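# sequence first, then the predicted structure:
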Amino acid sequence: MTSKEIRQSFLDFMASKGHQVVPSAPMVIKDDPTLMFTNAGMNPWKGIILGNDPIKYPRVADSQKCLRVSGKHNDLEEVGHDTYHHTMFEMLGNWSFGDYFKQEAIDFAWEYIVDVLKIDPANLYATVFEGSKEEGLERDNEAASIWAKHLPADHILNGNKHDNFWEMGDTGPCGPCSEIHVDSRSAEERAKVPGRELVNKDHPQVIEIWNIVFMQFNRKADGSLEPLAKKVIDTGMGFERLVRTIQGKTSNYDTDVFQPMLKKIGAICGCEYGKDEKNDIAMRVIADHIRTIAFAITDGQLPSNEKAGYVIRRILRRAVRYGYTFLNMRSAFLYQLVPQLIEDLGEAYPELKAQQAQIVPVIKSEEEAFLRTLDKGIGLLDKLMDEAKKAGKTEISGVDVFTLKDTYGFPLDLTELILRENGFTTNEEEYNKALEHQKEMGRTANKQDLGDWVVLREGDTEFVGYDELSCTTQVLRYRKVSQKGKDYFQVVLSKTPFYAEMGGEVGDTGVLADIRIIDTKRENNLPVHIMTELPQNIEGELTATVDAERRQAIMCNHSATHILHYALREVLGKHVEQKGSLVTPESLRFDFSHFQKVSPEELRKVEQLANALIRQDLHLEESRHTPIAEAKAMGAMALFGEKYGDDVRVIKYGPSVELCGGCHVSSTGRIGSVRILMETSIAAGVRRIEAVTAAKADELYYAAQDMLNSLRALFNNAPDLAGAIHKSIDENAGLKKQIEQFMAEKIEHYRDELIARAEDFGDIKLVRIQGEANPDMLRGVMPLLRGKFTDVKFAVVAATECEGKPTIAVFLSQPLVDAGKNAGAMIKSAAKHIQGGGGGQPWMATAGGRDVNGLNAAMEELMGALK
């Protein structure tokens with residue numbers, strides 16, 4: 001079976017068992033503060049598992065895009081060195097939400113693996129939770145008895161809490177799990193060592209392929225367990241490992257999931273996979289990482305220096321540096337692999353093909369930028385090695401090496417390689433200390449202590465904020481949260497007018513029974529109100545009221561993003577698509593696809609069209625529960641990287657039609673006007689505009705008017721203000737040129753005056769300058785003196801003051817420099833007398849300072865050095 005056939009066989013099998021097959025959710029998570037990426041197949045279902053979302057389908061199956069760069073066996077720096085761990089991977093999974101449990105889950109798994117995929121049962125092992133005395137939990141005898149129908153006793157193994165008890169986090173749903181392992185070794189190897197002795201021992205050929213989690217408990221903040229109201233089945237089967245098993249390979253990279261890509265890499269880099277181990281590692285790294293990079297960009301996450309964007313940039317740079325170091329790739333090449341990736345995965349994930357025009361330039365631009373960084377890093381490393389060599393050292397400071405990596409993005413392994421080639425080492429202890437310090441800072445900054453939810457009443461939150469800004473409500477639950485030494489409370493209400501931050505729109509603020517709500521967040525799809533204290537009558541009826549003025553400003557900015565999106569597509573072309581947005585009370589930010597700078601004329605047209613639509617006072621046409629297919633038929637655009645349900649909310653203002661869950665004005669006239677502040681590039685093929693609306697647009701107009709009035713006043717209210725300014729600039733340029741000519745003449749005269757004042761000082765013609773003197777004149781005259789005295793020992797030594805500030809200066813003719821004198825060294829030493837610093841070249845140097853009382857001592861030292 002091909003990988004495509006295997007993927008489809010799983011989905012077809014689960015559909016035959018009553019599961020609703022759904023498409024993969026985005027790999028990049030945008031509205032969950034606890035996660036940046038989907039790192040497990042269950043992530044999209046957290047809301048249902050936690051009881052925050054309704055159960056639409058009790059049985060679900062999918063193939064989910066996942067990304068892991070940390071945790072057990074998922075250190076990014078290890079990917080590529082073995083044959084079965086990846087950053088981006090596909091997770092085949094089936095779920096039951098309060099429907100079937102252990103019996104059906106195990107039977108389904110067995111039937112699919114043995115009857116559909118024809119894996120030999122003799123090579124299969126199942127693990128069950130052995131129990132935990134400290135938790136008061138017995139062995140999972142129920143799962144073991146079900147497995148006993150399919151496997152002999154010596155193929156059913158006990159697993160400890162680490163391997164066989166799954167937890168969502170420190171708190172929340174959890175339960176025992178049962179892993180299915182397959183022994184892919186040869187018959188001879190199996191005869192020597194039974195597979196059961198190698199399960200969970202990190203043997204590359206005895207691997208876990210499926211994990212079936214039986215969620216039946218809820219972990220509380222105090223560590224205790226309570227039964228889960230609705231039991232959940234959560235299974236995950238690593239697609240790449242499964243394909244490897246079915247296709248009889250010993251490496252994931254030998255399957256048809258990766259082989260076409262590895263051949264493409266070989267064709268571009270001029271090498272062949274399987275001929276050299278170092279090259280093979282590099283090719284595996286690149287084949288793995290290109291998948292992660294492309295899918296992340298497809299889902300709307302561009303490489304950057306922050307959060308999820310930093311992870312993607314780090315992965316991309318790792319791929320580039322492996323190509324640079326081991327495959328001798330000195331120019332961008334990753335972007336050339338995108339067509340091959342689309343050929344491999346485009347059928348299962350059509351969004352790759354649809355976003356190809358976006359993916360390719362972003363990757364190419366990032367590659368080129370990092371290659372420039374590599375060149376800069378090599379220069380900095382050369383400097384460190386030169387300094388160490390002069391000091392007679394062969395060890396480079398670990399702190400300096402860490403700075404190279406952390407500040408300049410220069411990879412550690414490349415640093416170590418270059419150091420070895422040049423006979424240097426680095427202080428690993430210093431490096432590790434610096435790294436651990438940075439990690440500790442990050443852990444401290446992000447550490448959050450969550451208390452248990454105090455449940456006052458059961459129920460779901462009803463959001464009424466589209467229609468009203470105040471309502472009577474009750475607290476469903478609350479908990480205390482501590483972070484960075486501060487305590488606050490998360491409160492869940494039965495009914496709320498507060499919009500929880502989502503889709504680029506910030507959360508509402510306001511009051512709950514006169515106690516301030518400082519923010520509203522969405523956590524696992526649950527609207528959570530953030531408060532620094534709780535209302536006194538927390539169990540009674542309370543009034544929740546949104547800050548109306550702030551909400552109005554947010555709505556104006558959000559509706560304006562829709563209008564601007566439409567205007568951009570009209571002016572620039574239909575290729576323009578939203579790539580991100582931020583809507584706050586103060587302003588709006590809108591990112592969009594476009595492959596060149598938007599000209600001032602185009603920006604003006606966009607703004608004019610947007611304001612024309614605003615003046616038309618187009619009324620909001622809102623459809624809150626529209627089938628997704630119907631919404632698309634209306635012209636609404638579905639954005640890549642967003643997760644939509646079957647029913648969506650459509651926001652329409654005249655010709656502008658978008659899918660959106662945010663808050664909007666009742667008609668465009670309420671926006672007042674929109675003014676674009678700036679347009680910039682944030683990535684290859686992605687532009688950003690920032691704008692203001694309503695009162696903030698008025699403020700911008702008034703500020704511009706005030707500035708214009710001030711300028712007119714400066715030019716005596718000239719009717720042609722621009723002409724008056726140009727005239728002033730031209731006159732100023734002419735006067736500046738005259739002053740430069742006058743200064744040049746004055747410095748030449750000063751030079752001649754100094755030459756005439758020269759006295760004999762041994763075999764040197766010397767000019768001593770003390771008292772008041774202009775330091776600019778001193779600096780200006782020295783180059784003129786240099787051309788005069790090419791074969792005569794001539795020197796100028798100055799220790800002067802100007803407006804209470806001391807200056808010392810030295811000029812030496814070339815014969816003096818040839819004799820070993822150095823103006824820079826002389827000045828550097830004498831500057832201490834005036835509490836200053838400076839330097840220069842061997843023939844000319846100056847220094848300024850703070851203490852004029854030290855000028856005589858400075859002069860004395862300079863004369864001594866010259867003698």
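Arrived safely, thanks for sending.
# which strand or helix spans the spatially most central residue of the chain?
Geometric centre of the chain, nearest residue: Gly309, 2.1 Å, by CA atoms, centre = their mean. In this structure, Gly309 sits in helix 307-326 according to DSSP states H and E.
# ok, now Arg751?
Assigned by DSSP H and E, Arg751 falls in helix 721-756.
# now do Glu188
Under the assignment here (DSSP H and E), Glu188 is part of helix 187-192.
# please name the nearest non-neighbouring residue to Arg850.
Gln835 (4.4 Å; CB to CB, 6 or more residues apart in numbering). Bear in mind the C-beta positions are built from the backbone N, C-alpha and C, glycine included.
# which ones are touching the residue lying closest to Ser494 once chain neighbours are set aside?
Of all residues not flanking Ser494 in the chain, Gln474 sits nearest, at 4.6 Å (CB to CB, 6+ apart). Residues near Gln474 by CB atoms under 8 Å, 6 or more residues apart in numbering: Leu456, Arg457, Leu493, Ser494, Lys495, Glu539, Gly540, Glu541, Leu542.
# what about the helices in the stretch 551-700 of the chain?
600-615, 628-633, 694-714 (DSSP state H, counting those that start in this stretch).
# how near is Leu334 to Gly685?
Here the distance between Leu334 and Gly685 works out to 15 Å (CB to CB, to the nearest Å).
# if you could redo that for Gly136, that was the one I meant.
From Gly136 across to Gly685, the span is 57 Å (CB to CB).
# more neighbours, those two?
Between Gly136 and Gly685, counted using other CB atoms under 10 Å, Gly685 has the larger neighbour count: 23 against 9.
# that one and Lys579: what is the separation?
9 Å.
# repeat that for Leu352.
In terms of CB to CB, Leu352 sits 16 Å off from Lys579.
# I'd like to know how many residues surround Asn732.
Count around Asn732 with other CB under 10 Å applied: 10.
# ignore what I typed, I meant Ala548.
Neighbour number of Ala548 under other CB under 10 Å is 13.
# that older thread, surely the residue nearest to the centre of the chain meets Gln301?
Yes - if you go by CB atoms under 8 Å, Gly309 and Gln301 touch, sitting 6.1 Å apart.
# any stretches of the chain with poor pLDDT?
By pLDDT under 70, the low-scoring segments of the chain are 31, 70-75, 442-447, 640-642.
# need the strands for the stretch 101-250 of the chain, in chain order.
For the stretch 101-250 of the chain, the strands defined by DSSP state E, counting those that start in this stretch occupy 124-129, 156-159, 165-167, 172-183, 206-219, 225-238.
# which one of these lies nearest to Lys393?
strand 206-219 (46.7 Å; CB to CB).
# now that closest one against strand 124-129, angle please.
Using axes from the mean of the first three to the mean of the last three CA atoms, to 10 degrees, the direction of strand 206-219 lies 30 degrees away from that of strand 124-129.
# name the strands paired with strand 206-219 and say parallel or antiparallel.
Here strand 206-219 has these sheet partners by DSSP bridges: strand 172-183 (antiparallel), strand 225-238 (antiparallel).
# and stretch 686-695, what's buried?
Judged by neighbour count using 16 or more other CB atoms under 10 Å, the buried positions of stretch 686-695 are Val686, Arg687, Arg688, Ile689, Ala691, Val692, Thr693, Ala694.
# I misspoke; the intended subject was stretch 604-624.
In terms of neighbour count (16+ other CB under 10 Å), stretch 604-624 has its buried residues at Lys605, Val606, Glu607, Leu609, Ala610, Asn611, Leu613, Ile614, Leu618, Ser623.
# got the contact list for Gln301?
Val28, Ala308, Gly309, Ile312, Gly641.
# ok, and the most crowded of those residues?
Greatest neighbour count in these, by other CB under 10 Å, goes to Ile312: 28 neighbours.
# would you mind listing the buried residues in stretch 188-197?
Residues Arg190, Gly195 are the ones in stretch 188-197 that count as buried (16+ other CB under 10 Å).
# that stretch: end-to-end distance?
Stretch 188-197 has an end-to-end distance of 15 Å (CA to CA, to the nearest Å).
# stretch 539-551 too?
Stretch 539-551 stretches 28 Å from its first residue to its last (CA to CA).
# from the middle of its chain, how far away would that stretch be?
Relative to its chain's centre, stretch 539-551 lies at 34 Å (CA atoms, centre = their mean, to the nearest Å).
# which other residues reach that stretch?
Under CB under 8 Å, 6+ apart, the answer for stretch 539-551 is 456, 465, 469-475, 493, 495-499, 508-513, 517, 529, 535, 585, 663.
# and these, which are buried?
465, 469, 471, 473-475, 493, 495-499, 508-513, 517, 529, 535, 585, 663.
# among those residues, which lie within strands?
Cys471, Thr473, Val475, Leu493, Lys495, Thr496, Gly510, Val511, Leu512, Ile517, His529 (DSSP state E).
# got TSV for the residues you listed, with distance to Gly398 too?
Listed next are those as TSV, based on distance: CB to CB, whole Å:
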residue	distance to Gly398
Cys471	59
Thr473	56
Val475	53
Leu493	52
Lys495	57
Thr496	52
Gly510	51
Val511	53
Leu512	52
Ile517	47
His529	47
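# out of those residues, the closest to Ala795 would be?
Ile517 (75.5 Å).
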